[in-house]
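Enquirer: Provided below for reference: sequence and predicted model.
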Number of protein chains: 2
Amino acid sequence: MYFCLNYYYRMTHSEENYLKAIFHLNKGGAKAVSTNALAGQMKTKPSSVTDMIRRLAEKGVVHYKKYQGVSLTEKGSRLALSVIRKHRLWEVFLVEKLSFSWDEVHEVAEQLEHIKSEQLIDRLDKLLGFPKFDPHGDPIPAKDGSLPSGDKQLLSNMPLHSRGICVGVKDSSSAFLKFLDKNRIALGYRIELMEKEEFDSSVRVLVEGEPIHLSHQIASNLYVKKI
Amino acid sequence: MYFCLNYYYRMTHSEENYLKAIFHLNKGGAKAVSTNALAGQMKTKPSSVTDMIRRLAEKGVVHYKKYQGVSLTEKGSRLALSVIRKHRLWEVFLVEKLSFSWDEVHEVAEQLEHIKSEQLIDRLDKLLGFPKFDPHGDPIPAKDGSLPSGDKQLLSNMPLHSRGICVGVKDSSSAFLKFLDKNRIALGYRIELMEKEEFDSSVRVLVEGEPIHLSHQIASNLYVKKI
DNA sequence: ATATAAATTTAGACAAATCTAAAAATATGT
DNA sequence: ACATATTTTTAGATTTGTCTAAATTTATAT
């Protein structure tokens, strides 16, 4: 119990949200996250960010040097992954058990991710059958923080004539999700990449055998799992 | 939507907890709740209670006059019942779906009760089969704030030496119904609660005058109508 | 290289929710 | 009824998370 994550590093909702934001902004590059970028993500002012970063640094969950941006420590990274794990498991619950559609779950999951109970999340995980991906296709971190193998990639990145299963979206705006609906594309559908148009990077694919033409904008927002 | 409860009367977690506490303290008598009693319930200081009460009065959810104690307005009562509804539905969820035992659920439900989403709680209600009582036998308020008729309750929840008529079961598995048959318990029979065992919450009762010892598992699945 | 622009931090303020210590109002006992 | 005890409120401080405005540091452009 002494080494329990939740005992030593008890964070407020707001602190957890900052850790999550730093994690997501840092995902791409290895360099530190800027105060301004974080303010944008958190929809708050840079001065508020500076205040919060100082508190987080005192708690030892971020590395911080004035004017040099911020990055997660080992502890901070573990905490961020634990919040992301909760968020994505709750999203699965909302879709699978409560029939929410995948574009309605985010707001509620933002609240549920802060519920503190290790037992709760472990049992929820079990109830849901230990899912590896959330309804948007994003990987669900395991208890130890490890992410499931990323054999998933954007449709726009797939090699010609390869086949896969649609497992998620990058842009989860309801406009995009509606577009997919209208064009009869959904999670779990088989996709085969037939042709790539050099000129505009659009693609011709078969979705469950049905031919369809997708712009690059669409193809670069659809995750496909190779088979 | 304009008259949606959650839109006009958006309360903080703490405010919701105060409303709940006032509701519970007021349940017995019709007179106002004292500052001290509320401080006891909330495990805080009387001065903090005074501060909070003033805010709640400004929001129009409590009646308050200096030195005269506090009571819920119509609005306040509706809000309190809505929080209690959420708390008890989540308790059912934790016990029924996540295999928590009835004495482990309170702390987690205290957190879950503050999640704001009408859709979430409606769908949870449906998932659980619109339960009327929580795992402790307490009634679950309906959406409109009405409580299920209180003349029926779980045997495990009845006061000592009270008498009633067996009117239903919560668990209607055939295993349970066979057990009842074998022990000569049926709908319409008179039941008198003679003794409660602290240690394992089992009970000794008279069924149509015949003494019998029932485990808590049995007693918490039998509904009795008070007479 | 130096002026200007952009990013970041500091300083000071505010609201929510709490505390302690002291003052005011109410209740109680003989 | 009056002194004392209890309850309740006020006053002033603290923490968290936010803000605006001003100062400072870093980056950019000619």
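Expert: Good, I have the coordinates. Nothing here was measured: the structure is a model prediction, and the numbers come from that model.

Enquirer: all contacts plus neighbour counts: C-alpha atoms, from now on.
Expert: Will do.

Enquirer: Could you pull up the mean pLDDT of stretch A:65-77?
Expert: Stretch A:65-77 comes out with an average pLDDT of 94.

Enquirer: residues making contact with it?
Expert: For stretch A:65-77, the surrounding residues in contact (C-alpha atoms under 8 Å, 6 or more residues apart in numbering or on different chains) are A:19, A:22-23, A:26, A:31-35, A:53, A:60-64.

Enquirer: at 7 Å what do you get?
Expert: With contact meaning C-alpha atoms under 7 Å, 6 or more residues apart in numbering or on different chains, stretch A:65-77 is reached by A:Leu19, A:Ile22, A:Ala32, A:Val33, A:Ser34, A:Thr35, A:Val61, A:Val62, A:His63, A:Tyr64.

Enquirer: Show me what from chain A comes close to DNA strand C.
Expert: Within chain A, the positions adjacent to DNA strand C are A:34-37, A:46-51, A:65-69 by C-alpha under 7 Å from any atom of the strand.

Enquirer: give me that answer again for 10 Å
Expert: Contact residues, chain A versus DNA strand C (C-alpha under 10 Å from any atom of the strand): A:32-40, A:45-54, A:64-70.

Enquirer: Tell me which of the residues you listed fall in strands.
Expert: A:Tyr64, A:Val70 (DSSP state E).

Enquirer: Can you say which of the residues of chain A next to DNA strand C are buried?
Expert: Neighbour counting by 16 or more other C-alpha atoms under 10 Å in any protein chain shown classes A:32-39, A:46, A:49-50, A:53-54, A:64, A:69-70 among the residues of chain A next to DNA strand C as buried.

Enquirer: And the helices in chain A, which stretches?
Expert: Per DSSP state H, chain A carries helices over the ranges A:5-8, A:13-26, A:35-42, A:46-58, A:74-96, A:106-112, A:118-127, A:174-182, A:216-219.

Enquirer: Highest mean neighbour count out of the ones you listed?
Expert: Stretch with highest mean neighbour count among the helices of chain A: helix A:74-96 (a mean of 23; mean count of other C-alpha atoms under 10 Å in any protein chain shown).

Enquirer: How about that one and DNA strand D, any contact?
Expert: No: shown here: helix A:74-96 not in contact with DNA strand D (C-alpha under 10 Å from any atom of the strand), separated by at least 14.8 Å.

Enquirer: Now do that helix: distance to the chain's middle.
Expert: 9 Å (C-alpha atoms, centre = their mean, to the nearest Å).

Enquirer: With stretch A:184-204 instead?
Expert: Centre-to-centre, stretch A:184-204 and its host chain are 23 Å apart (C-alpha atoms, centre = their mean).

Enquirer: now stretch A:44-54
Expert: So, by C-alpha atoms, centre = their mean, the centroid of stretch A:44-54 is 24 Å from its chain's centroid.

Enquirer: average model confidence for that stretch?
Expert: 96.

Enquirer: just stretch A:139-157 next, same as before
Expert: 83.

Enquirer: ok, and for that stretch, which residues are buried?
Expert: A:Pro139, A:Ile140, A:Pro141, A:Ala142, A:Lys143, A:Gly145, A:Leu147, A:Lys152, A:Gln153, A:Leu154, A:Leu155, A:Ser156.

Enquirer: Among these, which one lies nearest to chain B?
Expert: A:Lys143 (17.8 Å; C-alpha to the nearest C-alpha).

Enquirer: ok, now which ones touch the spatially closest residue to A:Arg204 that is not a sequence neighbour?
Expert: Nearest residue to A:Arg204, sequence neighbours excluded (C-alpha to C-alpha, 6 or more residues apart in numbering or on different chains): A:His213, at 4.5 Å. With contacts defined as C-alpha under 7 Å, 6+ apart, A:His213 is in contact with A:Val203, A:Arg204, A:Val205.

Enquirer: For these, give me TSV that also has neighbour count and pLDDT.
Expert: As requested, these are exported to TSV (neighbours: other C-alpha atoms under 10 Å in any protein chain shown; pLDDT from 0 to 100):
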residue	neighbour count	pLDDT
A:Val203	21	94
A:Arg204	17	96
A:Val205	23	96
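
Enquirer: just the residues you listed now: which is nearest DNA strand C?
Expert: When the contacts of A:His213 are compared for distance to DNA strand C (C-alpha to the nearest atom of the strand), A:Val203 comes out closest, at 35.3 Å.

Enquirer: wait, doesn't that closest one sit right on A:Glu192?
Expert: No: with contacts counted by C-alpha atoms under 7 Å, A:Val203 stays clear of A:Glu192, the gap being 10.3 Å.

Enquirer: in chain A, what residue sits furthest out from the centroid?
Expert: The outermost residue of chain A relative to its centre, with distances by C-alpha atoms, centre = their mean, is A:Phe199 at 31.0 Å.

Enquirer: For the most centrally placed residue in chain A, give me its contacts.
Expert: Centroid-nearest residue in chain A, with C-alpha atoms, centre = their mean: A:Asp138, separated by 4.9 Å. Residues near A:Asp138 by C-alpha under 7 Å, 6+ apart: A:Gly168.

Enquirer: One more: A:Leu193?
Expert: A:Leu160, A:His161, A:Ser162, A:Arg163, A:Arg204, A:Val205, A:Leu206.

Enquirer: Let me have those in CSV, extended by distance to DNA strand D.
Expert: Putting these into CSV (distance: C-alpha to the nearest atom of the strand, whole Å) gives the following:
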residue, distance to DNA strand D
A:Leu160, 38
A:His161, 42
A:Ser162, 41
A:Arg163, 42
A:Arg204, 40
A:Val205, 41
A:Leu206, 44
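
Enquirer: Tell me the one among these nearest to A:Trp90.
Expert: A:Trp90 has its nearest neighbour among these in A:Arg163, at 30.0 Å by C-alpha to C-alpha.

Enquirer: Tell me how many other residues crowd that closest one.
Expert: 20 (other C-alpha atoms under 10 Å in any protein chain shown).

Enquirer: And A:Trp102, by the same measure?
Expert: Counted with other C-alpha under 10 Å, the neighbours of A:Trp102 add up to 19.

Enquirer: mind checking how far it is from B:Leu222?
Expert: Distance, A:Trp102 to B:Leu222, by C-alpha to C-alpha, to the nearest Å: 40 Å.

Enquirer: Many thanks, we can stop here.
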